[in-house]
Structures are given as C-alpha cells and as structure tokens.
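Enquirer: structure of the sequence below:
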Amino acid sequence: MRRRLINSTLAVVLVVIAVFGVSLVIVETRTIENSAQESVDSDAVRLVSIVDSRLIGGERITPEVLREQVGSGRYARIKIPGRDPVEVGKRPSGSVISAAKVGDHHETVLVEADRSTVSKEVGRTLTIILGVALLAVIAAVLLAVRQAHRLSAPLTDLAETAERLGSGDPRPRHRRYGVPELDRVADVLDSSAERIARMLTAERRLAADASHQLRTPLTALSMRLEEITVTDDLATVKEEATIALGQVERLTDVVQRLLTNSRDPRTGSAIAFDVDEVVKQQIEEWRPAVRSEGRAIVRSGKQGLRAVGTPGAVAQVLATLIENSLMHGDGTVAIRTRVTGNQAVVEVTDEGPGVPPDLGARVFERTVSGQNSTGLGLAVARDLAEADGGRLELLQQRPPIFALFLSREAEHQATEGV
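Expert: Okay, the predicted model is just below:
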C-alpha cells in the first residue's frame, strides 16, 4: 500500500509538472524572443534618430560616433542616399534577429543580433525550470513517503490489533490516529475487544464456578455410591440408590443453573416450594460426610414453611454453607428455619471459631478466603440467592451464622395473617 501511495502521488505531481512546465517553457521562450526583438528595434529607432539629427546639422556620420549607440555583439548598417554605407560592429553569421528603420532623409538603418544569445537565455530559463521541477519532485516524494507512512502505519497497527484479537488477547488498545475513518475502525475493534473480554471472563467464571459447585455434589454422590458397594442389604441398596438418583437430578439442575446464570444472572425460574423438603434432603446428603468427621448435623425452628425460589439453587446454597461449616467450623452443624416479616429464613451455624474479624462482609467476595480454599463458594452462593430474589448474609461472625432470606409464598402469608 505504501508503494502505491507513493507512486500515485508521484504520478500526479509529474503530470502537473509536465502540464505547467511545458506551458511555462513556451511562455518564457516567447517572452525572451519578444524581448530580444524589442531590444533590436529600440537600437534601430535610436540610430535613425541620431542619424537624422546629424544630417540636419551637417555633421559627419562615422562608425566611431555610432558605436556607443549599438548594443554589445550587435551589427548596424546605415545606408544614406549618395554616400557609402556605414557599418558598426561585426555582422553575425547564421540565424539573426534584425530590425530595419527608414529615417526622414530616406536613410536606412539595419540592426542585427545573433539569435544564439536568445538560445542561451532560453537554455538558462529551461535549466531553472528543470531545477524547480526536480525540487518539486523531491518534495513530492518526501511528502508522499510521509503521507504513506502516516496512513499505512495505522493500518498496520489495526491489523496487529485484529490479529491479537484472533489470537485470544482481547485487551483494547485505545489508540487513535487523527484520521476519522481509521479512528472509526479502531473504535469498532476496541468495542469488539471489550465484548470478547467480557465473554472470556464469563466463560472463565463459569468454568471456575462449575468446578467449585460440582465438586460438593460429586463428593456426596461418591460417598453414597461407596456406601452402596459396602452393604449387602438389598433394601439399603435401593434406598441409597434412590437418594443417589435424586442427587444426580440435583446435579443436573446445578449444571443448568450455572449455565443460565452465566448467560444472564437475572434469569430465574422461581417457583413455590417446601423449605422443609430442601432442608431434609441436604441433611440426608451431608449426614455421611458429617458423621465421617465425627460431628453431627441437626435442624430446628419453624416447619411447614413455603418460599418462592428455585429448589435446586436453594439446595446448592445450603450445600455451600454446610460444606463451609465442615471445612472451617467445628462441633455440631445446626440448621434453623424461622420467619421474619414476609420472608422465610434458613440459618446455618456451627461451634467453630467463625469468620475472622478482618474479613467480615468481604467473605462473600470472590477469591477472598480465610483459609486455603478457592474463595468462590460463598460468592457463587450469594449470586444464586440473588438470582431468585433472595439474599445471603452473614448475621454473626462468632459463632458464625449465615442466613438465607427467601420470599414467602403469598398464600401462606395471607393464611397466617387470618
């Protein structure tokens, strides 16, 4: 592209120089010739005037008297009737410029100049014009190179930006070049880079969330299957298999929920559900893990609560809270349900040291963890709760009390009101 820009600019300059240069040469040549002819005519008129004045005064007309009136390198011949011709200077050979004048006494004055002087003057003028044209060409080449660099460098830079986007580096460069069209392309590339960056961030977040959220259900399912393998009681096998199938269904729900939230965190599928069933199901799933740690899991509080939300998401939030109690807490894991206003509250607590004072509410931020963990669990749990219109809060740091607030079903609120 740079070469094409230089060639096109140079071609335009050469055409302009050719058109105007030829015209200028023609005009200057004619001007020089006319000027030389006028000079010869002027010498002839002057000589006629001098000869007339001397003839009137009866003075002699000699070459010495007229030599000073004739220009250098010119030839003059004065022919007076009845007298010998008077010649001044050396008559040029070859092509000449001449002028003849007749005086009042019928004398004839002829002035001639060598045309080679005109040719030399025209040659000097052509040299100047060619020099100016050469300077113009050099200036045009330099300007074309500068313009080509000014235009091609941004295009090269934009091509590199597009190549970076294609190679998976979506960082916007925010470079502008002072050319509206190129700046528009840069704006589009930066916008595309930002969109790709958001998409990649969402995909990475989905992968991290899925890795964290699926670990707990898979661990519980694995423990359930291990119990099946070590028992010979057919009834126990059927019971554990039924529970395992339920866990698989909830696992499928977790995956679907994560995919939905990754596309649009505000998208929910809230329905009215029985809180007791979700709490009971979580206690059954986690009892083997809690027992293996030498601890217990209990529930208390108001029963028969119905709330609005996604059962799978609520189960996943409770699973995260129970897992945190097992990993970071101590003693009995207690689940308590209660009512506050128009909300159903599920609290999870234990007898451990609780949340460190320096963390506080930051415990729900991603990558924030009091011990060696990913710091994703509580952040994802809060996102799941908020997607259904609920909220997850830390009510007390020591001992730790995490509370899941859910909207209660309207019919139950009205019944209790009556």
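
Enquirer: going forward, measure contacts between C-alpha atoms and count neighbours the same way
Expert: Fine.

Enquirer: list the buried residues for stretch 143-161?
Expert: Residues of stretch 143-161 classed as buried by neighbour count (16 or more other Cα atoms under 10 Å): A144, V145, Q147, A148, H149, L151, P154, L155, L158, T161.

Enquirer: next one: the fifth one from R4, what distance?
Expert: When distances are taken as Cα to Cα, to the nearest Å, H149 and R4 turn out to be 12 Å apart.

Enquirer: next, give phi and psi for V333.
Expert: Torsion angles at V333 (phi, psi; degrees, to the nearest 10) stand at phi -90, psi 120.

Enquirer: now do the contacts for it.
Expert: R295, A296, I297, V298, I322, S325, L326, V348, T349, D350, E351 (Cα atoms under 8 Å, 6 or more residues apart in numbering).

Enquirer: how about 7 Å then?
Expert: A296, I297, V298, S325, T349, D350 (Cα atoms under 7 Å, 6 or more residues apart in numbering).

Enquirer: can you pull the pLDDT of the residue sitting furthest away from the middle of the chain?
Expert: Ranked by distance from the centre of the chain (Cα atoms, centre = their mean), the top residue is G82, with 98.9 Å. The model reports G82 with a pLDDT of 82.

Enquirer: also E226?
Expert: 78.

Enquirer: what do you get for T367?
Expert: 64.

Enquirer: what bridges to T349?
Expert: For T349, the beta-bridge partners are A334, I401 (DSSP bridges).

Enquirer: that should have said D274, apologies.
Expert: Applying DSSP bridges, one finds that D274 bridges with R306.

Enquirer: how about the contacts made by it?
Expert: L305, R306, A307 are the contacts of D274 under Cα under 7 Å, 6+ apart.

Enquirer: hmm, 10 Å instead?
Expert: Counting by Cα atoms under 10 Å, 6 or more residues apart in numbering, D274 touches Q303, G304, L305, R306, A307, V308, P311, E409.

Enquirer: give me the number of residues near the last one?
Expert: What it means is E409. For E409, the count of nearby residues is 20 (other Cα atoms under 10 Å).

Enquirer: surely it meets R306?
Expert: Yes: taking contacts as Cα atoms under 10 Å, E409 lies within contact range of R306: 5.8 Å.

Enquirer: could you pull out the helices for this structure?
Expert: 2-57, 63-67, 116-166, 180-230, 234-263, 275-292, 311-328, 377-387, 410-417 (DSSP state H).

Enquirer: give me the distance between A140 and V16.
Expert: Distance check for A140 against V16: by Cα to Cα, it reads 11 Å.

Enquirer: give me the below-cutoff pLDDT ranges for the stretch 301-418 of the chain.
Expert: Segments of the stretch 301-418 of the chain classed as low confidence (criterion: pLDDT under 70) are 361, 367-375, 410-418.

Enquirer: hmm, back to that, would you turn the contacts of V333 into JSON lines with distance to Q282 and neighbour count?
Expert: Formatted as JSON lines, these follow (distance: Cα to Cα, whole Å; neighbours: other Cα atoms under 10 Å):
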{"residue": "A296", "distance to Q282": "13", "neighbour count": "18"}
{"residue": "I297", "distance to Q282": "10", "neighbour count": "19"}
{"residue": "V298", "distance to Q282": "11", "neighbour count": "13"}
{"residue": "S325", "distance to Q282": "13", "neighbour count": "23"}
{"residue": "T349", "distance to Q282": "15", "neighbour count": "26"}
{"residue": "D350", "distance to Q282": "16", "neighbour count": "25"}
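
Enquirer: and of those residues, the nearest to L392?
Expert: Nearest to L392 out of the contacts of V333 is T349 (Cα to Cα; 13.4 Å).

Enquirer: pull the contacting residues for that closest one.
Expert: So T349 contacts 321-322, 324-325, 329-336, 396-403 (Cα under 10 Å, 6+ apart).

Enquirer: for V65, same thing?
Expert: I50, V88.

Enquirer: could you dump the helices of the chain to CSV with distance to V102?
Expert: Below are the helices of the chain laid out as CSV (distance: least, Cα to Cα, whole Å):
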stretch, distance to V102
helix 2-57, 7
helix 63-67, 16
helix 116-166, 26
helix 180-230, 74
helix 234-263, 109
helix 275-292, 134
helix 311-328, 124
helix 377-387, 117
helix 410-417, 131
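
Enquirer: identify whichever of these lies nearest to P172.
Expert: Here helix 180-230 is closest among the helices of the chain (Cα to Cα), at 4.8 Å.

Enquirer: tell me the spacing between F364 and I138.
Expert: 69 Å.

Enquirer: picking that back up, where among the helices of the chain is the average confidence lowest?
Expert: helix 410-417 (a mean of 51).

Enquirer: quick one on the thing from earlier: among the helices of the chain, which comes closest to K90?
Expert: helix 63-67 (11.1 Å).

Enquirer: distance between that closest one and the chain's centre?
Expert: Helix 63-67 sits 86 Å away from the centroid of its parent chain (Cα atoms, centre = their mean, to the nearest Å).

Enquirer: break this protein into its domains for me.
Expert: Domains of the chain are assigned by automatic domain parsing as 2-139, 262-417.

Enquirer: burial measure for I97, as a count.
Expert: Neighbours around I97, by other Cα under 10 Å: 19.

Enquirer: which strand residues bridge it?
Expert: For I97, the beta-bridge partners are A113 (DSSP bridges).

Enquirer: which ones are touching it?
Expert: Counted by Cα under 10 Å, 6+ apart, I97 has contacts 33, 36-37, 39-41, 74, 111-116, 118.

Enquirer: same deal with R124?
Expert: Counting by Cα under 10 Å, 6+ apart, R124 has contacts V118, L130.

Enquirer: distance check, the closest residue in space to D183 that isn't next to it in sequence against I196.
Expert: Leaving aside its chain neighbours, D183 sits nearest to R176 (5.4 Å; criterion: Cα to Cα, 6 or more residues apart in numbering). Separation of R176 from I196 (Cα to Cα): 20 Å.

Enquirer: residues near P81, how many?
Expert: 11.

Enquirer: can you tell me the closest non-neighbouring residue to it?
Expert: E107 (6.4 Å).

Enquirer: measure that neighbour to D52 for me?
Expert: Applying Cα to Cα to E107 and D52 gives a distance of 8 Å.

Enquirer: same check on I335?
Expert: From I335 to D52 the distance is 141 Å (Cα to Cα).

Enquirer: ok, those two, which is more surrounded?
Expert: Just comparing I335 and D52: by other Cα under 10 Å the higher neighbour count belongs to I335, 23 against 17.
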